[in-house]
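Engineer: Have a look; sequence and predicted model below, questions after that.
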Amino acid sequence: MARAFKLEDTRNIGIMAHIDAGKTTSTERILFYTGVTYKIGSVDEGTATMDWMEQERERGITITSAATTASWDRFDKKYRVNIIDTPGHVDFTVEVERSLRVLDGAVCVFDSVAGVQPQSETVWRQADKYRVPRICFVNKMDRMGADFDHVVRTIRQRLGAHPVPLQFPLGREDNFIGIINFLEQNVVVWLEETLGAKFEIFEVEKLWDKSFVDSRPDVAAALKGSAIDKKFYDEHRAKVVEYIAEHDDEVLDKYLTEGTLTLDEMRKSIRKSTLALKIVPVLAGSAFKNKGIQPLLDAVIDYLPSPIDVPPVEGINPDNDETILRRASDDQPFSALAFKIMSDPFVGHVTYIRVYSGVLKAGSYVFNSGKRTRERISRMLQMHANKREEIEDVCAGDICAVVGLKSVNTGDTLCDEQKQIILENIDFPAPVISVAIEPKTKADQDKLGIALQRLAQEDPTFRVSTEPDTGQTLISGMGELHLEIIVDRMLREYSVQANVGRPQVAYRETVRKKAEAEGRYIKQTGGKGQYGHAVIELHPMPSADHENMHELSTDDIDELAKKITGSNNPGKWKFDKEHRFLFIDKIVGGSIPREFIAPIEAGIREALDTGILAGFPTVDVAVVLIDGSYHDVDSNEMAFKIAGSMAYKEACARAKPVLLEPIMKVEVVVPEEYMAAVFGDLNSRRSAIQGTENRAGSNVIRVEVPLAQMFGYATDLRSRTQGRATFTMHFSHYAEAPSSVSEEVIAKARGKEVSK
């Protein structure tokens, strides 16, 4: 089947932002104006197309990222826009992470009053990590306290970006009626009675024409509201053109000699600089009031990349570990990444894939290169939120859902069996909170296991484990809301009733000084014995914060290995991202044969999962294997695995082990009269004040607080402020717990051991 849209006419974008900035509302308007839906969906009324889950409609928040596709006409040409609407709540940050991994561009939505908020920063850093070009949409320009300039300033200051406002709002708050376009030097005013589907365009010069302004009370009120005059406009436009030229050497010479650029030159230059991540175009509007969406779609087409504008995807050959590049092209071998899995009550197990190269047809076979399994694609679906349309084939650059894959997990690579490739996997943050769960009745027991298994397969940040001492089933996630939704889904989707215990914090352990130890495992049993002997050095590693936890490059790790070993030739090393554990092999002269090195590492890695203080996983450690010995007959892999584990535990006990607790970044928005009560409460929770600011008549308090102190905070805050304050919270980093907290946690953990 021939392509419906050329590769260069395709855009794969995500809509991302802080919670309640208007992502889903913006997506609903995009669907309406592109003709995908005939009626505008509303988040408040629970009729949003993209928020299709019952829990999303009840709570008015996005929980799972939803994919859809639309087409848009630009310069008499049709473009396909594949859109993923992502959640804004920090508990569902995995949805943003995996979406950004497979998208080519993103639209960041900002609240015109709040500007850059905590989760805006988180998603921005995630986009930086995957080098995703962005455009910004300053939404809610009709809100009381809307300030376009303030948002642009916070983008520059807080995100370290280079925003270029291509528009300026005409009016603000109640009298916001349209936008002034700096590039095309015109004004766009939306017609309320058409629900924003139609708009009037006129030259910007008319704004300075008194007779025209007098005949248009709406324009007069808007001009007064936004305090714009000809001088203001000329200055701002000149700054925008200059800023565009500054970031592009090709047009800079022309601008310096002639002092002007053509519209076409500016568009091409903005596109080039946006793709190179040098600038971020900024637009304005109000999605709820149906203003600003059409120019936003134009900007998506003009400035965000098509699949051929992004570098070829990089992977490795599973046979020889060589790097392979795959261009976005239909004639390349097939390769795709599974980035999301969900259970659909009608079609069963559905896997979302992004096709990077080649073509895939329904009924054909694909190879899972990581698991070395061959699977048949029974059906392929074009998803529109939870509605689906059957399709026969997908090409390079497409996003679709496939039915029939049995053993595929999030992050697995699907490819041509004859031309295998493994694409870079997706890194997921570790859970920070756990609760015990048990079935209410005997009938729920079997169903509980199946439900948890399916939910864990869908969500990589949701983990299920069994407490070895008590036999309790623990579920772990990114926050209280995350686990609350999981339990709610079990009841609604799988009819499982469960009792949930109190939340537990996911502590970690680490060491604070260097220590050396040896593990010697010798066992004689009459026949062939067991012999393993390893000598190691244990080093503390610099604690990683949330921004670089999963982002250490190969060069960074190599530098770290050199620093730890004190040598320019650190030896062979391996790095485990989850534990941030660096293993360095410095064995020389064959004191331990090569085949026993990996078992030693495996033994240490196993020991990392249960720290010696309270049984929590150990992180931020480096182990250097420096010596050992073996026996020609008695040595085997198991003996060396045990020896490695023994050496590590011995070294850990000598290396001043400490307990780490998760620290959350919290932002509280509170009216002035409740400031003292909120401050007092935060101080009692061991908080560290990061700063305060006044924003649109409210005070914003930024603090860092241990997660253990934040359970039930929502209820406390409401009762102290008569429900007028709000807060947002997201994970920041792990920090050493005070001795009083540490002693209590350790005593509790060891108490369980004593009482068993």
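Structural biologist: Structure's in. What do you need?
Engineer: Quick check: closest non-adjacent residue to the residue most central in space within the chain.
Structural biologist: The structure's the chain has its C-alpha centroid closest to residue 97; by CA atoms, centre = their mean the separation is 2.6 Å. In space, and not counting its chain neighbours, residue 97 is closest to residue 126: 5.7 Å by CB to CB, 6 or more residues apart in numbering. From N, CA and C alone the C-beta is placed, and that goes for glycine too.
Engineer: Mind listing what's buried along the one helix or strand that neighbour maps to?
Structural biologist: Using DSSP states H and E, residue 126 sits in helix 118-129. Going by neighbour count (16 or more other CB atoms under 10 Å), the buried part of helix 118-129 is 118-124, 126-129.
Engineer: Could I get the average pLDDT for that helix?
Structural biologist: Averaging pLDDT along helix 118-129 yields 80.
Engineer: Check which helices and strands that helix sits against.
Structural biologist: Under the contact criterion of 3 or more CB pairs under 8 Å, 6 or more residues apart in numbering; DSSP states H and E, helix 118-129 touches strand 10-17, helix 93-102, strand 105-111, helix 148-159, strand 726-736.
Engineer: can you redo the ones you listed as CSV with distance to residue 449 and mean pLDDT?
Structural biologist: As requested, the helices and strands packed on helix 118-129 are exported to CSV (distance: least, CB to CB, whole Å; pLDDT from 0 to 100):
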stretch, distance to residue 449, mean pLDDT
strand 10-17, 34, 87
helix 93-102, 22, 78
strand 105-111, 38, 91
helix 148-159, 44, 90
strand 726-736, 29, 81
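Engineer: Report how many residues lie close to residue 400.
Structural biologist: Other residues near residue 400 come to 24 when the count uses other CB atoms under 10 Å.
Engineer: again, but for residue 562
Structural biologist: 15.
Engineer: Toward the C-terminus, what is the element adjacent to the strand or helix carrying it?
Structural biologist: Per DSSP H and E: residue 562 is located in helix 554-565. Using DSSP H and E, the helix or strand that follows helix 554-565 in sequence is strand 572-576.
Engineer: pLDDT on that following strand, on average?
Structural biologist: If you average the pLDDT values across strand 572-576, you get 84.
Engineer: just the angle between that strand and helix 554-565, please?
Structural biologist: 110 degrees (axes from the mean of the first three to the mean of the last three CA atoms, to 10 degrees).
Engineer: Residues in contact with strand 572-576: which ones?
Structural biologist: The list of residues contacting strand 572-576 from outside it, by CB atoms under 8 Å, 6 or more residues apart in numbering, reads 552, 557-558, 561, 581-585, 601, 605, 608.
Engineer: Check stretch 224-232 too.
Structural biologist: Here stretch 224-232 has contacts from 168-176, 180, 207-208, using CB under 8 Å, 6+ apart.
Engineer: In strands, which of those appear?
Structural biologist: Residues of the contacts of stretch 224-232 located in strands (DSSP state E): 168-170, 180.
Engineer: quick one: which of those residues has the most company?
Structural biologist: residue 169 (29 neighbours).
Engineer: in this structure, what secondary structure element scores lowest on mean pLDDT?
Structural biologist: helix 54-59 (a mean of 52; mean pLDDT, DSSP states H and E).
Engineer: Show me what the helix or strand just after that helix is packed up against.
Structural biologist: Scanning forward in sequence from helix 54-59 by DSSP H and E, the next helix or strand is strand 66-74. Counting contacts by 3+ CB pairs under 8 Å, 6+ apart, strand 66-74 packs against helix 23-33, strand 77-85, helix 293-303, strand 379-384, strand 399-403.
Engineer: now the angle from the shortest one to strand 77-85?
Structural biologist: When the same axes, to 10 degrees is applied, the directions of strand 399-403 and strand 77-85 differ by 60 degrees.
Engineer: JSON lines for the contacts of stretch 224-232, including distance to residue 634 and pLDDT?
Structural biologist: Shown next, in JSON lines, are the contacts of stretch 224-232 (distance: CB to CB, whole Å; pLDDT from 0 to 100):
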{"residue": "168", "distance to residue 634": "79", "pLDDT": "92"}
{"residue": "169", "distance to residue 634": "79", "pLDDT": "91"}
{"residue": "170", "distance to residue 634": "84", "pLDDT": "90"}
{"residue": "171", "distance to residue 634": "84", "pLDDT": "86"}
{"residue": "172", "distance to residue 634": "81", "pLDDT": "84"}
{"residue": "173", "distance to residue 634": "81", "pLDDT": "84"}
{"residue": "174", "distance to residue 634": "85", "pLDDT": "85"}
{"residue": "175", "distance to residue 634": "86", "pLDDT": "87"}
{"residue": "176", "distance to residue 634": "81", "pLDDT": "88"}
{"residue": "180", "distance to residue 634": "82", "pLDDT": "91"}
{"residue": "207", "distance to residue 634": "90", "pLDDT": "87"}
{"residue": "208", "distance to residue 634": "94", "pLDDT": "86"}
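Engineer: Kindly reformat those residues as CSV containing distance to residue 221.
Structural biologist: Shown next, in CSV, are the contacts of stretch 224-232 (distance: CB to CB, whole Å):
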residue, distance to residue 221
168, 16
169, 13
170, 10
171, 7
172, 10
173, 11
174, 9
175, 4
176, 10
180, 15
207, 13
208, 16
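Engineer: Switch the contacts of strand 572-576 over to JSON lines; also include neighbour count, secondary structure and pLDDT.
Structural biologist: Listed next are the contacts of strand 572-576 as JSON lines, based on neighbours: other CB atoms under 10 Å; DSSP: H, G, I helix; E, B strand; the rest coil; pLDDT from 0 to 100:
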{"residue": "552", "neighbour count": "18", "secondary structure": "coil", "pLDDT": "67"}
{"residue": "557", "neighbour count": "16", "secondary structure": "helix", "pLDDT": "80"}
{"residue": "558", "neighbour count": "14", "secondary structure": "helix", "pLDDT": "81"}
{"residue": "561", "neighbour count": "22", "secondary structure": "helix", "pLDDT": "82"}
{"residue": "581", "neighbour count": "21", "secondary structure": "strand", "pLDDT": "87"}
{"residue": "582", "neighbour count": "22", "secondary structure": "strand", "pLDDT": "88"}
{"residue": "583", "neighbour count": "24", "secondary structure": "strand", "pLDDT": "90"}
{"residue": "584", "neighbour count": "24", "secondary structure": "strand", "pLDDT": "88"}
{"residue": "585", "neighbour count": "20", "secondary structure": "strand", "pLDDT": "86"}
{"residue": "601", "neighbour count": "20", "secondary structure": "helix", "pLDDT": "90"}
{"residue": "605", "neighbour count": "20", "secondary structure": "helix", "pLDDT": "89"}
{"residue": "608", "neighbour count": "21", "secondary structure": "helix", "pLDDT": "89"}
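Engineer: quick check, nearest of the contacts of stretch 224-232 to residue 412?
Structural biologist: residue 169 (45.1 Å; CB to CB).
Engineer: ok, that closest one - contacts?
Structural biologist: 138, 141, 146, 148, 176, 178-180, 226, 284.
Engineer: how close does it get to residue 701?
Structural biologist: 29 Å (CB to CB, to the nearest Å).
Engineer: same deal with residue 397?
Structural biologist: 45 Å.
Engineer: and the next element down the chain from the strand ranked longest in the chain?
Structural biologist: The longest strand of the chain (DSSP E) is strand 657-670. Using DSSP H and E, the helix or strand that follows strand 657-670 in sequence is helix 675-684.
Engineer: next one: that following helix to chain centre, how far?
Structural biologist: 31 Å (CA atoms, centre = their mean, to the nearest Å).
Engineer: tell me which residues of that helix are tucked away?
Structural biologist: 675, 678-679, 681-682.
Engineer: And stretch 513-533, by the same measure?
Structural biologist: Under 16+ other CB under 10 Å, the buried positions of stretch 513-533 are 514-521, 530-533.
Engineer: That'll do, ta.
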